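1. Sequence plus the predicted model coming up.
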Amino acid sequence: MESISVFEIIKVGIGPSSSHTMGPWNAAEMFLDEIKRTNSLQNVKEVFVEFFGSLAKTGVGHGTDIAAMLGLAGENFKEIDTDKIDEKIAHIKNTSQLNLGGEKVLPFVYGENLILNMDKSLDFHPNGMIFKAVFNNGEILERDYYSVGGGFVATKEDNSIKDNCIRTVYPCHKGEDIIKYCEKLGVEKFSDLVYINEEAWRTKEETRAEALYIWQQIKECIYKGISKEGILPGGLNVSRRAADFNRKLLGEKSYQNLDEWLQAVKNSDKNFNQITRWISCFALAVNEENASFGRIITAPTNGASGVIPAVLMYSQTFTEFNTEEDIVKFILVAGEIGTLFKKNATISAAMGGCQAEIGVSSAMAAAGLTEISGGTPAQVLMAAEIAMEHHLGLTCDPIGGLVQIPCIERNSMGAMKAITAAHIALESDPSKARVSLDQVIKSMWETALDMNNKYKETSEGGLAVAVNVAEC
């Protein structure tokens, strides 16, 4: 089994969904690369993309169609001006043209060149898609791709397509591996082991710099979220609430920049009720940005992207564990826990329901917080286990196929559970625990396999059908 860098689990992304937006976007870029490798963009006469299963059923709400068009147009989601997305998509639809890879303008009719096939699923994975290019000489290039969660893309032949999947010196594929190698190497902190393994991809200094870059992106995302008001796109008329939370907590004073606002948060009241409101505010801010095609940190998915930022921001503003090194350790440990779920279960709601997203992110955050709070490797694993244990069976039933209801509020709940799990683990003796992290991951995967498909990001069950979209 190949190892996965923590920065493949916690990384820069774009809303609203890692599996339904970033995955198809990555697949489109991969298809462009395949065209260039086997032929030429200049020789393409027409291009098609068809989505199946969950990608089709909730595709419009998750921006799957938008991601595919922008990806085929050669846009990069890490660099694109998110304020220009609507304009770019309107141009493609209004002109019925797409500039393939930014090099050749082709006819492109929405509904003909891009199809959401809601009546069929591909066998390999519910998030399946087929890209097809027709060349001037009549030849056809066709490839099927599968968005398997967290922005990862696979094919039937290769289920680990990401370039950063390699073997580390001390591979940690299960929780028991982490304990074994920490003892073997004589390291007292889980993060020390992660530092060593990350050297398979980059130096320790580069790892630290990447983690701090992630932290900067998290802070900027939260600040953007608390600075915007209005209605989220998609038709549900969901109001942004983070700005209102922030105003009630800090008053009407305006802030000139992120640093000034952050200092005000640190200086605010630190009673229990205020702190819990701030945690919710942080999570809401991120997920409201995510719901509106904002740039966020995927951790491990977009739908669950508010949990880790909320818990990490909590640690930096309301606890004594607030140094740069604490930030790095938090992110490294949280990311490594995410790899365990990725390798042994799933981080895709289309495969496992929301337990695979909010549940995993809560486990990751609980582990990170326990690490920087002085927890042993065993206590870190215990915290992750506790957090996931209380998310088992959580369904994915987004109303209208949008990452808004109940997704946004679930991030606040996941953050609170993570903090509680960390506190319990820090006061416990892991040797007396009856359930291990490996066991709960196994249980989560078995639950995912047994879960009815209508509760797996299809908007065919639960709240998605209990609430009439027109009433919203």
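-> Nice, I can see it. Residues are numbered from 1 along each chain as shown.
2. Looking at the helix or strand that contains Ile35 now, give me its mean pLDDT.
-> Using DSSP states H and E, Ile35 sits within helix 23-38. For helix 23-38, mean pLDDT is 97.
3. Contacts for that helix, please.
-> With contact meaning C-beta atoms under 8 Å, 6 or more residues apart in numbering, helix 23-38 is reached by 14, 41, 44, 49, 51, 55, 64, 67-68, 70-72, 74, 76-77, 100-101, 127, 129, 131, 133, 141, 143, 145, 147-149, 151-153, 161. C-betas here are computed from N, CA, C, even on glycine.
4. can we see that at 7 Å?
-> 41, 44, 55, 64, 67-68, 70-72, 74, 77, 101, 127, 129, 131, 133, 141, 143, 145, 147, 151, 153 (C-beta atoms under 7 Å, 6 or more residues apart in numbering).
5. Neighbours of Asp192, how many?
-> By the measure other C-beta atoms under 10 Å, the count of residues near Asp192 is 15.
6. which SS class is it?
-> helix (DSSP: H, G, I helix; E, B strand; the rest coil).
7. Could you do the one 10 residues further on as well?
-> For Arg202, the secondary structure call by three-state DSSP comes out as coil.
8. Around it, how many other residues sit close by?
-> 14.
9. and the spatially most central residue of the chain, what does it touch?
-> Nearest to the mean C-alpha position of the chain, counting by C-alpha atoms, centre = their mean, stands Thr301 at 1.5 Å. Applying C-beta under 7 Å, 6+ apart to Thr301 gives the contacts 18-19, 149-150, 347, 357.
10. Just the buried subset of the residues you listed, please.
-> 18-19, 149-150, 347, 357 (16 or more other C-beta atoms under 10 Å).
11. so which of those comes closest to Asn113?
-> Checking the buried ones among the contacts of Thr301 against Asn113 by C-beta to C-beta gives Ser19 as the nearest, at 22.5 Å.
12. residues touching Leu392, list them.
-> By C-beta under 7 Å, 6+ apart, the residues touching Leu392 are 355, 443-444, 447.
13. mind redoing it with 8 Å?
-> Counting by C-beta under 8 Å, 6+ apart, Leu392 has contacts 355, 359, 440, 443-444, 447.
14. Distance to Tyr195 and pLDDT for those residues - can I get that in TSV?
-> As requested, the contacts of Leu392 are arranged in TSV below (distance: C-beta to C-beta, whole Å; pLDDT from 0 to 100):
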residue	distance to Tyr195	pLDDT
Gln355	30	98
Gly359	26	98
Val440	26	98
Ser443	30	98
Met444	27	98
Thr447	33	98
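15. Please flag which of those residues sit within helices.
-> Counting by DSSP state H, the contacts of Leu392 place 359, 440, 443-444, 447 in helices.
16. if we take those residues, which one ends up nearest to Phe7?
-> Looking across the ones in helices among the contacts of Leu392 and measuring by C-beta to C-beta, the closest to Phe7 is Gly359, at 21.4 Å.
17. Now do the contacts for the closest one.
-> With C-beta under 8 Å, 6+ apart, Gly359 has these contacts: 387-388, 391-392, 394, 414, 444.
18. any idea how far the closest residue to it other than its chain neighbours is from Ile419?
-> Once flanking residues are discounted, Gly359 sits nearest to His391: 3.1 Å by C-beta to C-beta, 6 or more residues apart in numbering. Noted for His391: a distance of 14 Å to Ile419, by C-beta to C-beta, to the nearest Å.
19. can you check Glu142 too?
-> Distance from Glu142 to Ile419, by C-beta to C-beta: 48 Å.
20. Compare those two (neighbour count), which wins?
-> Just comparing Glu142 and Ile419: by other C-beta under 10 Å the higher neighbour count belongs to Ile419, 24 against 11.
21. Who are the packing partners of whichever strand or helix holds the more buried one?
-> For Ile419, the element it lies in under DSSP H and E is helix 407-426. Applying 3 or more C-beta pairs under 8 Å, 6 or more residues apart in numbering; DSSP states H and E, one finds that helix 407-426 contacts helix 272-291, helix 307-318, helix 358-372, helix 377-389.
22. quick one: pLDDT of Ser160?
-> On the pLDDT scale, Ser160 gets 47.
23. Span of stretch 231-245 from start to end?
-> For stretch 231-245, the first-to-last residue distance is 15 Å (C-alpha to C-alpha, to the nearest Å).
24. mind showing which ranges of the stretch 101-250 of the chain have poor pLDDT?
-> 158-165 (pLDDT under 70).
25. At which residues are the strands of it located?
-> For the stretch 101-250 of the chain, the strands defined by DSSP state E, counting those that start in this stretch cover 104-107, 114-117, 128-135, 140-149, 152-154, 165-166.
26. Reformat those as TSV; add distance to Thr458.
-> Converted to TSV, those look like this (distance: least, C-beta to C-beta, whole Å):
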stretch	distance to Thr458
strand 104-107	32
strand 114-117	13
strand 128-135	13
strand 140-149	14
strand 152-154	20
strand 165-166	28
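27. Quick check: which of those is buried the most?
-> Highest mean neighbour count of these: strand 152-154, a mean of 23 (counted as mean count of other C-beta atoms under 10 Å).
28. How far does that strand sit from its chain's centre?
-> Averaging C-alpha positions (C-alpha atoms, centre = their mean, to the nearest Å) puts strand 152-154 13 Å from its chain's average.
29. Parallel or antiparallel, list what pairs with it.
-> With DSSP bridges as the test, strand 152-154 is paired with strand 140-149 (antiparallel).
30. Quick one: distance of the partner strand to the chain centre.
-> So, by C-alpha atoms, centre = their mean, the centroid of strand 140-149 is 20 Å from its chain's centroid.
31. how about the CA coordinates for it, as PDB?
-> In PDB, the C-alpha atoms belonging to strand 140-149 read as follows (Å, rounded to 0.1, in the frame of the first residue of the first chain):
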ATOM      1  CA  ILE A 140     -11.900   9.200 -30.800                       C
ATOM      2  CA  LEU A 141     -10.200   9.400 -27.400                       C
ATOM      3  CA  GLU A 142     -12.400   8.300 -24.600                       C
ATOM      4  CA  ARG A 143     -11.500   8.000 -20.900                       C
ATOM      5  CA  ASP A 144     -13.500   7.200 -17.800                       C
ATOM      6  CA  TYR A 145     -12.500   8.800 -14.400                       C
ATOM      7  CA  TYR A 146     -13.900   8.400 -10.900                       C
ATOM      8  CA  SER A 147     -13.900  11.100  -8.200                       C
ATOM      9  CA  VAL A 148     -13.100   9.000  -5.100                       C
ATOM     10  CA  GLY A 149     -13.200  11.800  -2.400                       C
END
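32. Can you name the residues that contact Ser459?
-> Ser459 neighbours (C-beta under 8 Å, 6+ apart): 57-58, 61, 397-401, 465.
33. I should have written Asn322 there, sorry.
-> 315-316.
34. likewise Asn344?
-> Asn344 touches 173-174, 438, 441-442, 445, counting by C-beta under 8 Å, 6+ apart.
35. any chance of these in JSON lines, with neighbour count and distance to Ala90 too?
-> Below are these laid out as JSON lines (neighbours: other C-beta atoms under 10 Å; distance: C-beta to C-beta, whole Å):
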{"residue": "His173", "neighbour count": "16", "distance to Ala90": "46"}
{"residue": "Lys174", "neighbour count": "19", "distance to Ala90": "48"}
{"residue": "Asp438", "neighbour count": "17", "distance to Ala90": "49"}
{"residue": "Ile441", "neighbour count": "23", "distance to Ala90": "44"}
{"residue": "Lys442", "neighbour count": "14", "distance to Ala90": "47"}
{"residue": "Trp445", "neighbour count": "18", "distance to Ala90": "42"}
